[in-house]
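Enquirer: everything below, folded, please.
(one chain, ligands or ions: 1)
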Amino acid sequence: MALLLWLGSQLSSCWSNISVLGVFLTVFTLLLDFMKRRKKWSHYPPGPVSLPFIGTMLYVDFRNPHLSFNQLHKKFGNIFNLQNCWSNLVVLNGYKTVKEALVHRSEDFADRPYFPVYEHLGYGNKSEGCPFDLSFLVNNAVCNVICTTIYGERFDYGDATFKKLLHLFENSLNEEAGFLPQLLNEVPILLHIPGVPQKVFRGQKAFMDFIDVLIDKHMETWNPAHIRDFTDAFLKEMEKGKVAEENGFSYYNLRLVTADLFAAGSETTSTTLRWAFLYMLLHPEIQSKVQAEIDKVIGRERSPTMKDQASMPYTNAVIHEVQRYGDVVPVGLPHMTYRDTKLQGFFIPKGTTIITNLSSVLKDEAVWEKPNKFYPEHFLDANGQFVKPEAFLPFSAGRRACLGEQLAKMELFIFFTTLLQKFTFVLPEDQPRPREDGRFALTSSPHPYLVRAVPR
Ligand code: HEM
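Expert: Sure, this is the predicted structure:
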(Lines give C-alpha, C1' and ligand atoms only; values in the text may rest on other atoms or scores of the structure.)
Protein backbone atom coordinates (compact mmCIF):
# COMPACT_ATOMS: atom_id res chain seq x y z
CA MET A 1 0.00 0.00 0.00
CA ALA A 2 2.81 2.33 0.97
CA LEU A 3 4.50 1.47 -2.30
CA LEU A 4 1.36 2.37 -4.25
CA LEU A 5 1.01 5.65 -2.41
CA TRP A 6 4.66 6.41 -3.08
CA LEU A 7 4.28 5.58 -6.81
CA GLY A 8 1.15 7.76 -7.00
CA SER A 9 2.91 10.72 -5.45
CA GLN A 10 5.89 10.27 -7.81
CA LEU A 11 3.59 10.10 -10.82
CA SER A 12 1.62 13.18 -9.84
CA SER A 13 4.81 15.15 -9.19
CA CYS A 14 6.13 13.94 -12.57
CA TRP A 15 2.85 15.05 -14.21
CA SER A 16 3.01 18.39 -12.51
CA ASN A 17 6.64 18.74 -13.69
CA ILE A 18 5.58 17.87 -17.26
CA SER A 19 2.69 20.34 -17.04
CA VAL A 20 5.00 23.05 -15.74
CA LEU A 21 7.47 22.27 -18.52
CA GLY A 22 4.64 22.26 -21.07
CA VAL A 23 3.33 25.61 -19.89
CA PHE A 24 6.85 27.01 -19.87
CA LEU A 25 7.56 25.76 -23.41
CA THR A 26 4.23 27.08 -24.72
CA VAL A 27 4.79 30.51 -23.15
CA PHE A 28 8.39 30.55 -24.41
CA THR A 29 7.37 29.59 -27.98
CA LEU A 30 4.56 32.13 -28.05
CA LEU A 31 6.92 34.80 -26.74
CA LEU A 32 9.57 33.88 -29.31
CA ASP A 33 6.94 33.96 -32.07
CA PHE A 34 5.70 37.33 -30.82
CA MET A 35 9.24 38.76 -30.78
CA LYS A 36 9.93 37.44 -34.29
CA ARG A 37 6.71 38.84 -35.75
CA ARG A 38 6.88 42.14 -33.86
CA LYS A 39 7.46 45.15 -36.08
CA LYS A 40 9.70 47.37 -34.08
CA TRP A 41 9.92 50.24 -36.54
CA SER A 42 7.85 53.37 -36.58
CA HIS A 43 6.27 54.32 -39.92
CA TYR A 44 6.32 50.71 -41.09
CA PRO A 45 3.68 50.10 -43.81
CA PRO A 46 0.24 48.90 -42.61
CA GLY A 47 -1.08 45.41 -43.30
CA PRO A 48 -3.48 42.68 -42.20
CA VAL A 49 -3.33 41.16 -38.71
CA SER A 50 -0.44 38.75 -38.39
CA LEU A 51 -1.34 35.41 -36.77
CA PRO A 52 0.99 33.33 -34.57
CA PHE A 53 3.54 31.30 -36.58
CA ILE A 54 1.96 31.68 -40.02
CA GLY A 55 1.87 35.47 -40.05
CA THR A 56 -0.45 36.72 -42.79
CA MET A 57 -0.13 33.70 -45.09
CA LEU A 58 -3.85 32.95 -44.89
CA TYR A 59 -4.64 36.30 -46.52
CA VAL A 60 -2.90 35.33 -49.75
CA ASP A 61 -4.11 32.79 -52.29
CA PHE A 62 -0.70 31.58 -53.45
CA ARG A 63 -2.27 30.12 -56.59
CA ASN A 64 -3.49 33.65 -57.52
CA PRO A 65 -1.38 36.06 -55.46
CA HIS A 66 -2.02 39.07 -57.71
CA LEU A 67 -5.77 38.83 -57.01
CA SER A 68 -5.18 38.77 -53.25
CA PHE A 69 -2.73 41.68 -53.55
CA ASN A 70 -5.31 43.71 -55.49
CA GLN A 71 -7.84 43.25 -52.67
CA LEU A 72 -5.29 44.14 -49.98
CA HIS A 73 -4.21 47.14 -52.11
CA LYS A 74 -7.77 48.49 -51.97
CA LYS A 75 -7.85 48.07 -48.21
CA PHE A 76 -4.37 49.21 -47.14
CA GLY A 77 -3.18 51.50 -49.93
CA ASN A 78 -0.19 51.45 -52.28
CA ILE A 79 2.32 50.07 -49.79
CA PHE A 80 1.33 47.35 -47.38
CA ASN A 81 3.13 44.69 -45.40
CA LEU A 82 2.68 40.95 -45.17
CA GLN A 83 4.39 38.24 -43.13
CA ASN A 84 5.18 34.76 -44.40
CA CYS A 85 5.72 33.09 -41.04
CA TRP A 86 8.54 35.22 -39.62
CA SER A 87 9.68 36.89 -42.86
CA ASN A 88 8.67 40.43 -43.59
CA LEU A 89 7.38 41.29 -47.03
CA VAL A 90 6.30 44.64 -48.39
CA VAL A 91 4.06 44.80 -51.47
CA LEU A 92 4.32 47.84 -53.75
CA ASN A 93 1.34 48.79 -55.91
CA GLY A 94 0.56 51.26 -58.67
CA TYR A 95 2.81 52.92 -61.20
CA LYS A 96 3.96 55.83 -59.00
CA THR A 97 5.08 53.66 -56.10
CA VAL A 98 6.74 50.93 -58.18
CA LYS A 99 8.61 53.49 -60.27
CA GLU A 100 9.81 55.38 -57.22
CA ALA A 101 11.21 52.18 -55.71
CA LEU A 102 12.67 50.52 -58.80
CA VAL A 103 13.92 53.59 -60.66
CA HIS A 104 14.51 56.43 -58.19
CA ARG A 105 15.75 54.17 -55.37
CA SER A 106 16.99 51.41 -57.60
CA GLU A 107 19.99 50.43 -55.47
CA ASP A 108 17.99 50.25 -52.23
CA PHE A 109 15.60 47.74 -53.79
CA ALA A 110 18.06 45.79 -55.95
CA ASP A 111 18.78 42.69 -53.86
CA ARG A 112 17.06 39.35 -54.29
CA PRO A 113 15.85 37.26 -51.34
CA TYR A 114 17.35 33.86 -50.61
CA PHE A 115 15.16 30.81 -51.21
CA PRO A 116 16.32 27.79 -49.19
CA VAL A 117 14.34 25.35 -51.33
CA TYR A 118 16.73 25.90 -54.24
CA GLU A 119 19.62 24.57 -52.16
CA HIS A 120 17.76 21.31 -51.86
CA LEU A 121 17.18 21.09 -55.56
CA GLY A 122 20.84 21.19 -56.38
CA TYR A 123 20.45 24.64 -57.87
CA GLY A 124 22.19 25.79 -55.31
CA ASN A 125 1.78 18.31 -88.05
CA LYS A 126 -1.33 20.20 -88.37
CA SER A 127 -3.67 20.08 -91.33
CA GLU A 128 -4.61 23.53 -92.57
CA GLY A 129 -7.67 25.05 -91.00
CA CYS A 130 -8.23 22.21 -88.48
CA PRO A 131 -8.73 23.20 -84.86
CA PHE A 132 -5.55 22.81 -82.80
CA ASP A 133 -3.89 24.08 -79.66
CA LEU A 134 -0.98 26.27 -80.69
CA SER A 135 0.82 26.15 -77.31
CA PHE A 136 3.27 23.46 -78.27
CA LEU A 137 4.23 24.99 -81.62
CA VAL A 138 4.67 28.44 -80.13
CA ASN A 139 6.67 27.04 -77.22
CA ASN A 140 8.83 25.07 -79.61
CA ALA A 141 9.62 28.11 -81.75
CA VAL A 142 10.42 30.37 -78.78
CA CYS A 143 12.44 27.71 -76.94
CA ASN A 144 14.51 27.10 -80.03
CA VAL A 145 15.66 30.72 -79.97
CA ILE A 146 16.88 30.49 -76.40
CA CYS A 147 18.15 26.88 -76.71
CA THR A 148 20.25 27.77 -79.75
CA THR A 149 21.79 30.68 -77.87
CA ILE A 150 22.55 28.79 -74.68
CA TYR A 151 23.08 25.17 -75.71
CA GLY A 152 23.53 25.42 -79.48
CA GLU A 153 20.62 22.96 -79.71
CA ARG A 154 17.61 23.28 -81.95
CA PHE A 155 14.72 20.87 -81.59
CA ASP A 156 12.53 19.73 -84.45
CA TYR A 157 8.81 20.25 -84.05
CA GLY A 158 7.51 17.03 -82.58
CA ASP A 159 10.90 15.94 -81.18
CA ALA A 160 10.30 13.57 -78.26
CA THR A 161 13.19 14.92 -76.14
CA PHE A 162 11.89 18.42 -76.58
CA LYS A 163 8.38 17.42 -75.59
CA LYS A 164 9.86 15.90 -72.47
CA LEU A 165 11.84 19.04 -71.68
CA LEU A 166 8.74 21.26 -72.01
CA HIS A 167 6.73 18.88 -69.90
CA LEU A 168 9.38 18.86 -67.16
CA PHE A 169 9.58 22.61 -67.31
CA GLU A 170 5.82 23.07 -67.04
CA ASN A 171 5.71 20.74 -64.04
CA SER A 172 8.52 22.63 -62.39
CA LEU A 173 6.69 25.95 -62.80
CA ASN A 174 3.50 24.51 -61.35
CA GLU A 175 5.41 23.24 -58.35
CA GLU A 176 6.55 26.74 -57.44
CA ALA A 177 3.05 28.12 -57.08
CA GLY A 178 0.92 27.39 -54.02
CA PHE A 179 1.14 27.44 -50.27
CA LEU A 180 3.55 24.54 -49.63
CA PRO A 181 6.62 25.93 -51.46
CA GLN A 182 6.14 29.24 -49.59
CA LEU A 183 5.96 27.40 -46.29
CA LEU A 184 9.11 25.38 -47.06
CA ASN A 185 10.99 28.59 -47.88
CA GLU A 186 9.92 30.10 -44.58
CA VAL A 187 10.50 26.99 -42.46
CA PRO A 188 13.46 25.37 -44.27
CA ILE A 189 13.91 22.88 -41.45
CA LEU A 190 10.97 21.01 -42.98
CA LEU A 191 13.18 20.36 -46.00
CA HIS A 192 15.26 18.03 -43.84
CA ILE A 193 12.36 15.62 -43.45
CA PRO A 194 13.53 12.72 -45.64
CA GLY A 195 11.86 12.68 -49.02
CA VAL A 196 10.12 16.08 -48.71
CA PRO A 197 12.18 18.10 -51.23
CA GLN A 198 12.24 15.20 -53.67
CA LYS A 199 8.48 14.77 -53.41
CA VAL A 200 7.43 18.42 -53.51
CA PHE A 201 9.92 19.45 -56.19
CA ARG A 202 10.11 16.31 -58.28
CA GLY A 203 9.56 18.25 -61.53
CA GLN A 204 12.25 20.83 -60.78
CA LYS A 205 14.74 18.13 -59.94
CA ALA A 206 13.98 16.32 -63.22
CA PHE A 207 14.32 19.61 -65.12
CA MET A 208 17.74 20.26 -63.59
CA ASP A 209 18.81 16.67 -64.39
CA PHE A 210 17.92 17.39 -68.00
CA ILE A 211 20.02 20.56 -67.97
CA ASP A 212 22.92 18.52 -66.57
CA VAL A 213 22.73 16.17 -69.55
CA LEU A 214 22.96 19.13 -71.97
CA ILE A 215 25.94 20.58 -70.10
CA ASP A 216 27.71 17.22 -69.85
CA LYS A 217 27.36 16.82 -73.61
CA HIS A 218 29.07 20.20 -74.01
CA MET A 219 31.89 19.31 -71.70
CA GLU A 220 32.59 16.14 -73.66
CA THR A 221 32.70 17.91 -77.03
CA TRP A 222 34.14 21.26 -75.94
CA ASN A 223 36.78 22.82 -78.16
CA PRO A 224 38.23 26.19 -77.06
CA ALA A 225 39.01 27.10 -80.67
CA HIS A 226 35.37 26.74 -81.66
CA ILE A 227 32.91 28.40 -79.27
CA ARG A 228 29.43 27.29 -80.30
CA ASP A 229 27.17 28.98 -77.75
CA PHE A 230 26.78 30.54 -74.30
CA THR A 231 27.65 27.29 -72.47
CA ASP A 232 30.91 26.96 -74.42
CA ALA A 233 31.80 30.60 -73.68
CA PHE A 234 31.12 30.03 -69.98
CA LEU A 235 33.28 26.87 -69.97
CA LYS A 236 36.07 28.90 -71.57
CA GLU A 237 35.92 31.38 -68.68
CA MET A 238 35.92 28.52 -66.17
CA GLU A 239 39.17 27.25 -67.71
CA LYS A 240 40.89 30.40 -66.44
CA GLY A 241 41.06 28.86 -62.98
CA LYS A 242 40.65 30.12 -59.44
CA VAL A 243 40.19 33.84 -60.14
CA ALA A 244 37.47 33.08 -62.67
CA GLU A 245 35.82 30.77 -60.14
CA GLU A 246 35.88 33.51 -57.50
CA ASN A 247 34.16 35.75 -60.03
CA GLY A 248 31.33 33.28 -60.35
CA PHE A 249 32.43 31.12 -63.29
CA SER A 250 31.83 27.78 -61.59
CA TYR A 251 30.05 24.63 -62.69
CA TYR A 252 27.42 25.31 -60.04
CA ASN A 253 26.68 28.72 -61.56
CA LEU A 254 26.75 27.42 -65.12
CA ARG A 255 23.85 25.08 -64.33
CA LEU A 256 21.91 27.80 -62.60
CA VAL A 257 22.53 30.58 -65.11
CA THR A 258 21.65 28.49 -68.14
CA ALA A 259 18.59 27.00 -66.44
CA ASP A 260 17.58 30.53 -65.42
CA LEU A 261 17.97 31.91 -68.94
CA PHE A 262 16.03 28.99 -70.34
CA ALA A 263 13.25 29.40 -67.80
CA ALA A 264 13.06 33.20 -67.96
CA GLY A 265 13.44 33.36 -71.72
CA SER A 266 10.97 30.76 -72.94
CA GLU A 267 7.80 30.65 -70.87
CA THR A 268 7.30 34.44 -70.68
CA THR A 269 7.61 35.05 -74.41
CA SER A 270 5.61 32.04 -75.56
CA THR A 271 2.85 32.80 -73.06
CA THR A 272 2.68 36.38 -74.35
CA LEU A 273 2.27 35.03 -77.89
CA ARG A 274 -0.51 32.70 -76.76
CA TRP A 275 -2.31 35.70 -75.26
CA ALA A 276 -1.73 37.59 -78.54
CA PHE A 277 -3.46 34.92 -80.67
CA LEU A 278 -6.25 34.57 -78.12
CA TYR A 279 -6.97 38.32 -78.31
CA MET A 280 -6.90 38.10 -82.12
CA LEU A 281 -9.59 35.38 -81.95
CA LEU A 282 -11.67 37.46 -79.61
CA HIS A 283 -11.20 40.72 -81.56
CA PRO A 284 -11.29 39.84 -85.29
CA GLU A 285 -11.61 43.52 -86.24
CA ILE A 286 -8.25 44.24 -84.57
CA GLN A 287 -6.68 41.23 -86.30
CA SER A 288 -7.92 42.59 -89.68
CA LYS A 289 -6.36 45.99 -88.99
CA VAL A 290 -3.00 44.38 -88.13
CA GLN A 291 -3.13 42.31 -91.32
CA ALA A 292 -3.98 45.40 -93.39
CA GLU A 293 -0.88 47.12 -91.97
CA ILE A 294 1.29 44.04 -92.65
CA ASP A 295 0.02 43.93 -96.27
CA LYS A 296 0.73 47.64 -96.72
CA VAL A 297 4.22 47.74 -95.19
CA ILE A 298 5.64 44.22 -95.79
CA GLY A 299 3.35 42.63 -98.34
CA ARG A 300 2.62 38.89 -98.51
CA GLU A 301 5.92 37.59 -99.83
CA ARG A 302 8.99 38.79 -97.97
CA SER A 303 9.52 37.95 -94.30
CA PRO A 304 9.11 40.68 -91.69
CA THR A 305 12.27 42.23 -90.22
CA MET A 306 12.80 44.43 -87.19
CA LYS A 307 13.24 47.42 -89.50
CA ASP A 308 9.52 47.20 -90.36
CA GLN A 309 8.52 47.88 -86.79
CA ALA A 310 9.02 51.65 -87.02
CA SER A 311 6.56 51.85 -89.94
CA MET A 312 3.90 49.72 -88.21
CA PRO A 313 2.45 51.76 -85.33
CA TYR A 314 -0.83 49.82 -85.14
CA THR A 315 0.81 46.38 -84.97
CA ASN A 316 3.29 47.71 -82.45
CA ALA A 317 0.45 49.13 -80.34
CA VAL A 318 -1.40 45.78 -80.46
CA ILE A 319 1.69 43.87 -79.29
CA HIS A 320 2.21 46.34 -76.43
CA GLU A 321 -1.48 46.07 -75.48
CA VAL A 322 -1.13 42.26 -75.46
CA GLN A 323 1.69 42.63 -72.96
CA ARG A 324 -0.21 45.15 -70.84
CA TYR A 325 -3.56 43.37 -70.78
CA GLY A 326 -2.08 39.84 -70.77
CA ASP A 327 -0.10 40.79 -67.67
CA VAL A 328 2.21 37.78 -67.95
CA VAL A 329 4.33 38.39 -64.84
CA PRO A 330 1.69 39.89 -62.55
CA VAL A 331 3.70 39.98 -59.33
CA GLY A 332 7.21 40.43 -60.76
CA LEU A 333 10.10 38.57 -59.16
CA PRO A 334 10.77 39.19 -55.48
CA HIS A 335 13.34 41.85 -54.63
CA MET A 336 14.97 42.51 -51.27
CA THR A 337 15.99 45.80 -49.72
CA TYR A 338 19.75 46.20 -49.82
CA ARG A 339 19.73 48.70 -46.93
CA ASP A 340 17.24 50.52 -44.69
CA THR A 341 15.17 52.83 -46.85
CA LYS A 342 12.10 55.03 -46.96
CA LEU A 343 9.28 55.03 -49.46
CA GLN A 344 6.47 57.59 -49.47
CA GLY A 345 7.01 58.25 -45.77
CA PHE A 346 7.12 54.55 -44.80
CA PHE A 347 10.23 52.99 -43.29
CA ILE A 348 11.36 49.68 -44.85
CA PRO A 349 14.28 47.90 -43.14
CA LYS A 350 17.19 46.19 -44.88
CA GLY A 351 16.48 42.58 -45.81
CA THR A 352 12.72 43.00 -46.35
CA THR A 353 11.31 41.02 -49.26
CA ILE A 354 9.72 43.39 -51.76
CA ILE A 355 6.90 42.32 -54.08
CA THR A 356 6.32 44.64 -57.02
CA ASN A 357 2.69 44.19 -58.01
CA LEU A 358 3.28 44.80 -61.74
CA SER A 359 -0.35 43.95 -62.45
CA SER A 360 -1.41 47.00 -60.44
CA VAL A 361 0.89 49.11 -62.64
CA LEU A 362 -0.27 47.69 -65.97
CA LYS A 363 -3.89 48.13 -64.89
CA ASP A 364 -3.46 51.32 -62.84
CA GLU A 365 -6.75 53.24 -63.14
CA ALA A 366 -4.91 56.53 -62.67
CA VAL A 367 -2.89 55.96 -65.85
CA TRP A 368 -4.79 53.86 -68.39
CA GLU A 369 -7.98 55.02 -70.12
CA LYS A 370 -9.56 51.55 -70.15
CA PRO A 371 -7.40 49.47 -67.78
CA ASN A 372 -9.63 46.40 -67.89
CA LYS A 373 -10.26 46.25 -71.63
CA PHE A 374 -8.11 45.14 -74.57
CA TYR A 375 -7.65 48.56 -76.17
CA PRO A 376 -4.60 49.05 -78.46
CA GLU A 377 -5.36 52.80 -78.58
CA HIS A 378 -3.59 53.03 -75.19
CA PHE A 379 -0.42 53.06 -77.31
CA LEU A 380 -1.53 55.41 -80.12
CA ASP A 381 -1.67 59.18 -80.18
CA ALA A 382 -4.37 61.26 -81.91
CA ASN A 383 -2.48 60.92 -85.22
CA GLY A 384 -2.27 57.12 -85.00
CA GLN A 385 1.43 57.23 -84.11
CA PHE A 386 2.89 54.81 -81.57
CA VAL A 387 3.40 56.15 -78.03
CA LYS A 388 4.57 54.27 -74.96
CA PRO A 389 3.14 55.47 -71.65
CA GLU A 390 5.70 55.34 -68.84
CA ALA A 391 3.55 52.93 -66.84
CA PHE A 392 4.19 50.20 -69.43
CA LEU A 393 6.38 48.07 -67.17
CA PRO A 394 5.84 44.37 -68.07
CA PHE A 395 9.63 43.93 -67.90
CA SER A 396 9.81 45.77 -64.56
CA ALA A 397 12.30 48.65 -64.25
CA GLY A 398 15.55 49.73 -62.62
CA ARG A 399 18.68 47.69 -61.95
CA ARG A 400 16.89 44.36 -61.85
CA ALA A 401 14.75 44.91 -64.95
CA CYS A 402 14.46 41.95 -67.33
CA LEU A 403 17.71 41.43 -69.17
CA GLY A 404 15.92 39.66 -72.02
CA GLU A 405 13.68 42.64 -72.86
CA GLN A 406 15.25 43.39 -76.25
CA LEU A 407 15.28 39.75 -77.33
CA ALA A 408 11.69 39.27 -76.17
CA LYS A 409 10.51 42.36 -78.09
CA MET A 410 12.15 41.09 -81.28
CA GLU A 411 10.64 37.65 -80.88
CA LEU A 412 7.16 39.03 -80.21
CA PHE A 413 7.27 41.29 -83.28
CA ILE A 414 8.74 38.72 -85.68
CA PHE A 415 6.60 35.73 -84.63
CA PHE A 416 3.39 37.76 -84.42
CA THR A 417 3.73 39.51 -87.80
CA THR A 418 5.02 36.40 -89.61
CA LEU A 419 2.07 34.30 -88.46
CA LEU A 420 -0.54 36.99 -89.18
CA GLN A 421 1.02 37.58 -92.58
CA LYS A 422 0.36 33.94 -93.48
CA PHE A 423 -2.77 33.03 -91.48
CA THR A 424 -5.99 34.37 -90.05
CA PHE A 425 -6.75 32.93 -86.62
CA VAL A 426 -10.40 32.07 -86.00
CA LEU A 427 -12.38 30.36 -83.29
CA PRO A 428 -13.53 26.89 -84.42
CA GLU A 429 -17.32 26.82 -84.75
CA ASP A 430 -17.90 24.10 -82.16
CA GLN A 431 -15.68 25.76 -79.55
CA PRO A 432 -16.90 27.87 -76.62
CA ARG A 433 -15.61 31.44 -76.36
CA PRO A 434 -12.18 31.11 -74.67
CA ARG A 435 -11.78 32.44 -71.14
CA GLU A 436 -10.00 35.75 -70.73
CA ASP A 437 -8.76 35.21 -67.17
CA GLY A 438 -5.31 33.70 -66.64
CA ARG A 439 -3.93 30.62 -64.89
CA PHE A 440 -1.20 31.54 -62.45
CA ALA A 441 2.01 29.55 -62.01
CA LEU A 442 4.67 32.28 -61.62
CA THR A 443 3.43 33.52 -64.99
CA SER A 444 -0.20 34.12 -65.86
CA SER A 445 -1.10 32.15 -68.98
CA PRO A 446 -4.32 31.61 -70.95
CA HIS A 447 -6.48 28.57 -70.27
CA PRO A 448 -6.04 26.07 -73.14
CA TYR A 449 -7.99 27.03 -76.26
CA LEU A 450 -8.29 25.75 -79.82
CA VAL A 451 -7.84 27.83 -82.99
CA ARG A 452 -8.20 27.39 -86.71
CA ALA A 453 -5.33 28.89 -88.67
CA VAL A 454 -6.83 29.76 -92.06
CA PRO A 455 -4.15 30.38 -94.72
CA ARG A 456 -4.47 33.85 -96.27
C1 HEM B 1 7.64 38.84 -72.86
C2 HEM B 1 8.72 38.32 -72.36
C3 HEM B 1 9.30 38.64 -71.01
C4 HEM B 1 8.74 39.26 -69.91
C5 HEM B 1 7.33 39.81 -69.76
C6 HEM B 1 9.76 39.29 -68.88
C7 HEM B 1 9.57 39.87 -67.62
C8 HEM B 1 10.52 39.87 -66.63
C9 HEM B 1 10.31 40.43 -65.32
C10 HEM B 1 9.06 41.13 -64.83
C11 HEM B 1 11.45 40.22 -64.61
C12 HEM B 1 11.69 40.61 -63.15
C13 HEM B 1 12.44 41.92 -63.04
C14 HEM B 1 12.57 42.39 -61.63
O15 HEM B 1 12.89 41.58 -60.75
O16 HEM B 1 12.30 43.56 -61.34
C17 HEM B 1 12.38 39.51 -65.46
C18 HEM B 1 13.65 39.13 -65.08
C19 HEM B 1 14.50 38.42 -65.89
N20 HEM B 1 14.29 38.07 -67.22
FE21 HEM B 1 12.64 38.46 -68.32
N22 HEM B 1 10.90 38.68 -69.34
C23 HEM B 1 10.68 38.29 -70.64
C24 HEM B 1 11.57 37.66 -71.49
C25 HEM B 1 12.85 37.29 -71.15
C26 HEM B 1 13.81 36.67 -72.04
C27 HEM B 1 13.57 36.36 -73.52
C28 HEM B 1 14.93 36.42 -71.30
C29 HEM B 1 16.24 35.77 -71.67
C30 HEM B 1 16.93 35.90 -72.65
C31 HEM B 1 14.69 36.92 -69.96
C32 HEM B 1 15.59 36.85 -68.92
C33 HEM B 1 15.38 37.37 -67.66
C34 HEM B 1 16.34 37.24 -66.56
C35 HEM B 1 17.67 36.49 -66.60
C36 HEM B 1 15.78 37.91 -65.46
C37 HEM B 1 16.39 38.05 -64.07
C38 HEM B 1 17.20 39.34 -64.03
C39 HEM B 1 17.84 39.57 -62.66
O40 HEM B 1 17.67 38.82 -61.75
O41 HEM B 1 18.50 40.57 -62.53
N42 HEM B 1 13.42 37.44 -69.90
N43 HEM B 1 11.79 39.32 -66.71
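Enquirer: what residues does this structure put near the ligand?
Expert: 146, 260-261, 264-265, 268-269, 272, 328-329, 332-333, 335, 394-396, 400-404, 407-408 (CB under 6 Å from any ligand atom). Placement of C-beta: from N, CA and C, glycine included.
Enquirer: in strands only, show me those.
Expert: When the residues of the chain next to the ligand are checked against strands (DSSP state E), the matches are His335.
Enquirer: of the residues of the chain next to the ligand, buried ones?
Expert: Buried members of those, counted by 16 or more other CB atoms under 10 Å: 146, 261, 264-265, 268-269, 272, 328-329, 332, 335, 394-396, 400, 402, 404, 408.
Enquirer: Thr356 falls within a strand, correct?
Expert: Yes - under DSSP: H, G, I helix; E, B strand; the rest coil, Thr356 sits within a strand.
Enquirer: list the residues that contact it.
Expert: Contact analysis of Thr356 by CB atoms under 8 Å, 6 or more residues apart in numbering lists Leu92, Val98, Ala101, Leu102, Val331, Gly332, His335, Ser396.
Enquirer: repeat that with 7 Å
Expert: Leu92, Val98, Leu102, Gly332, His335, Ser396 (CB atoms under 7 Å, 6 or more residues apart in numbering).
Enquirer: could I get those residues as a markdown table with pLDDT?
Expert: What follows is the contacts of Thr356, written out as a markdown table (pLDDT from 0 to 100):
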| residue | pLDDT |
| --- | --- |
| Leu92 | 97 |
| Val98 | 96 |
| Leu102 | 94 |
| Gly332 | 93 |
| His335 | 96 |
| Ser396 | 96 |
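Enquirer: in helices, which of those appear?
Expert: Among the contacts of Thr356, the members falling in helices (DSSP state H) are Val98.
Enquirer: and the contacts of Thr356, which is closest to Ala382?
Expert: Each of these was scored against Ala382 by CB to CB, and Val98 proved nearest at 27.9 Å.
Enquirer: so where do the helices sit in the stretch 351-456 of the chain?
Expert: 358-362, 405-422 (DSSP state H, counting those that start in this stretch).
Enquirer: out of these, which is the most enclosed?
Expert: Among the helices of the stretch 351-456 of the chain, ranked by average contacts under mean count of other CB atoms under 10 Å, first place goes to helix 358-362 (a mean of 26).
Enquirer: what's it packed up against?
Expert: Other helices and strands packing on helix 358-362, by 3 or more CB pairs under 7 Å, 6 or more residues apart in numbering; DSSP states H and E, are helix 65-76.
Enquirer: and the helix it packs on, what's buried?
Expert: Pro65, His66, Ser68, Phe69, Asn70, Leu72, His73, Phe76.
Enquirer: tell me the one of those residues nearest Phe234?
Expert: Closest to Phe234, out of all of the buried residues of helix 65-76 and judged by CB to CB, is Pro65, at 33.5 Å.
Enquirer: state the distance from the closest one to Ile319.
Expert: 26 Å (CB to CB, to the nearest Å).
Enquirer: go on, Leu273?
Expert: Per CB to CB, Leu273 is found 10 Å from Ile319.
Enquirer: need the overlap of contacts for those two.
Expert: Leu412, Phe416.
Enquirer: quick one on the thing from earlier: let's have the helices of the stretch 351-456 of the chain in TSV, adding distance to Ser250 and mean pLDDT.
Expert: Formatted as TSV, these follow (distance: least, CB to CB, whole Å; pLDDT from 0 to 100):
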stretch	distance to Ser250	mean pLDDT
helix 358-362	32	97
helix 405-422	25	96
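Enquirer: distance to Phe169 for those - can I get that in TSV?
Expert: Putting the helices of the stretch 351-456 of the chain into TSV (distance: least, CB to CB, whole Å) gives the following:
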stretch	distance to Phe169
helix 358-362	22
helix 405-422	17
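Enquirer: surely Gly94 meets Leu362?
Expert: No - here Gly94 does not reach Leu362: they are 10.6 Å apart, not a contact under CB atoms under 7 Å.
Enquirer: report pLDDT for Ala73.
Expert: Check again: residue 73 is His, not Ala. We have a pLDDT of 95 for His73.
Enquirer: sorry, wrong one. I was asking about Gln309.
Expert: Reported pLDDT at Gln309 in the predicted model: 97.
Enquirer: look up how far Val318 lies from the closest residue to it other than its chain neighbours.
Expert: Nearest-residue entry for Gln309: Phe413, 5.5 Å, with adjacent residues in sequence omitted and distances by CB to CB, 6 or more residues apart in numbering. Separation of Phe413 from Val318 (CB to CB): 11 Å.
Enquirer: before we move on, what about Ser42?
Expert: Distance from Ser42 to Val318, by CB to CB: 48 Å.
Enquirer: more neighbours, those two?
Expert: Val318 (25 against 7; other CB atoms under 10 Å).
Enquirer: mind listing the strands for this structure?
Expert: So, for the chain - with DSSP E - the strands run 79-84, 87-93, 335-336, 341-343, 346-348, 353-357, 423-426, 438-441, 443-446, 452-455.
Enquirer: lowest-confidence stretch among these?
Expert: Across these, strand 438-441 has the smallest mean pLDDT, namely a mean of 86.
Enquirer: so which elements touch that strand?
Expert: Packed on strand 438-441, when contacts are counted by 3+ CB pairs under 7 Å, 6+ apart, are strand 443-446.
Enquirer: grab the nearest non-local neighbour of the closest residue to the ligand within the stretch 301-450 of the chain.
Expert: Closest approach between the stretch 301-450 of the chain and the ligand, counting by CB to the nearest ligand atom: Gly404, at 2.0 Å. Distance criterion CB to CB, 6+ apart; nearest residue to Gly404, sequence neighbours excluded, is Gly265 at 5.1 Å.
Enquirer: kindly report the same for Val426.
Expert: Arg452 is the one closest to Val426 (CB to CB, 6+ apart), at 5.0 Å.
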